[in-house]
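J.: from the sequence below, what's the structure:
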Amino acid sequence: MEEFSYIVDKINESTFIEEPFRHVNITNFFSEEHFKKIITDKQILRGEFESVEELIFDLIDIGYEPITFPGCIESVKDYIDYINDPSTAFNRKLLSGYGKEIIEGYGLTMRLKKIESSFLLKLIAFFNSNEFKSCILNKFSVSGDVTVETAIQKNLDGYEISPHCDTKIKALTYMINIYTDDRASKEHVHTKLLEFKDERRYLYDFWRYNSDIDTCWVPWDWCSEVKETNINNSIIIFRPSFDTLHAVKLKYDHLVYQRNQIYGNLWYRQKKHKYSGDYKKIDLKSRFIVKNNTYKERLRTIINRIFT
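T.: Predicted coordinates:
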């Protein structure tokens, strides 16, 4: 699509950033004309709301639907109950998939399923096209049989993705910030790029050299923040690997504005991995912390933990 050919050029000409892991981060990603069309579109830019109920049903009326998404639940009723009273309404049993054993809250992800404007239809068709897929595959030297999935979505308050590297069945991940309010860039509603603290760095090698084992979500206090992707009209692209730690935890007033993104992944069609499982199984530090005073007692405790 010639209208969006400049996007391919920007990606091809971009420079890799190596810290905290290899990624591309392009600011002023869309042209000024295109970005204005996106953030002023009536399905992206909404007014302020009096309640979470009003917000959600407005989004449903204009073509959004709640979706199954990590760090979220799909039930509108249960989400409203939780937002209105998070101290008593949190129910871990409502979660499914990655991270359900570790996150401390949940959000609602609303995906735009019924796009009305011809421009947004063309834009999303471009991101789901072979032209865009080939561009980012070549940029990151990814091979294999993959599918592409790109959509516009709003992540509402409470959305939490604990630190993780992304499942190995993803070939590439990309996120574009399309905020309609300048305040968004100054608040903590963005994806954070992380690295393991020294005492957890063994996990890099564990995941790197056990390629058949998938990664898992880990506690926030295992990691340190390196960078926050807070710039509006910017894209980050990375190839999920043993070190691509990132996370997000939203606590913001979604009645004023929403966290809007064009979000996408390239998925391997047939690649499967064993799941690392509960993060507690790979928490070697806690397993081998011993409080006994004498050397013999410490040694005996460690031996018992290894062989039992």
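J.: quick check, distance from stretch 245-253 to the centre of its chain.
T.: Offset of stretch 245-253 from its chain centre (C-alpha atoms, centre = their mean, to the nearest Å): 9 Å.
J.: and if you look at stretch 211-223?
T.: The answer for stretch 211-223 is 14 Å, by C-alpha atoms, centre = their mean.
J.: end to end, how far does that stretch reach?
T.: Across its full length, stretch 211-223 reaches 22 Å end to end, with C-alpha to C-alpha, to the nearest Å as the criterion.
J.: now it: buried residues?
T.: Residues of stretch 211-223 classed as buried under the neighbour-count rule (16 or more other C-beta atoms under 10 Å) are 213-218, 220, 222-223. From N, CA and C alone the C-beta is placed, and that goes for glycine too.
J.: so which of the residues you listed belong to strands?
T.: 213-214, 223 (DSSP state E).
J.: low-confidence ranges, the stretch 51-200 of the chain, go.
T.: Confidence mapping of the stretch 51-200 of the chain against pLDDT under 70 gives zero matching residues.
J.: now with 80?
T.: By pLDDT under 80, the low-scoring segments of the stretch 51-200 of the chain are 87-89, 96-100.
J.: in the stretch 151-300 of the chain, mark out all the strands, start to finish.
T.: 160-164, 170-177, 192-196, 213-214, 223-228, 235-238, 246-249, 259-268, 274-275 (DSSP state E, counting those that start in this stretch).
J.: list the buried residues of the first one.
T.: By neighbour count on 16+ other C-beta under 10 Å, the buried set for strand 160-164 is 160-164.
J.: give me the neighbour count for L55.
T.: A count of neighbours around L55, defined by other C-beta atoms under 10 Å, yields 25.
J.: what do you get for M110?
T.: The tally of other residues near M110 (other C-beta under 10 Å) stands at 24.
J.: end to end, how far does stretch 24-41 reach?
T.: Taking C-alpha to C-alpha, the first and last residues of stretch 24-41 lie 27 Å apart.
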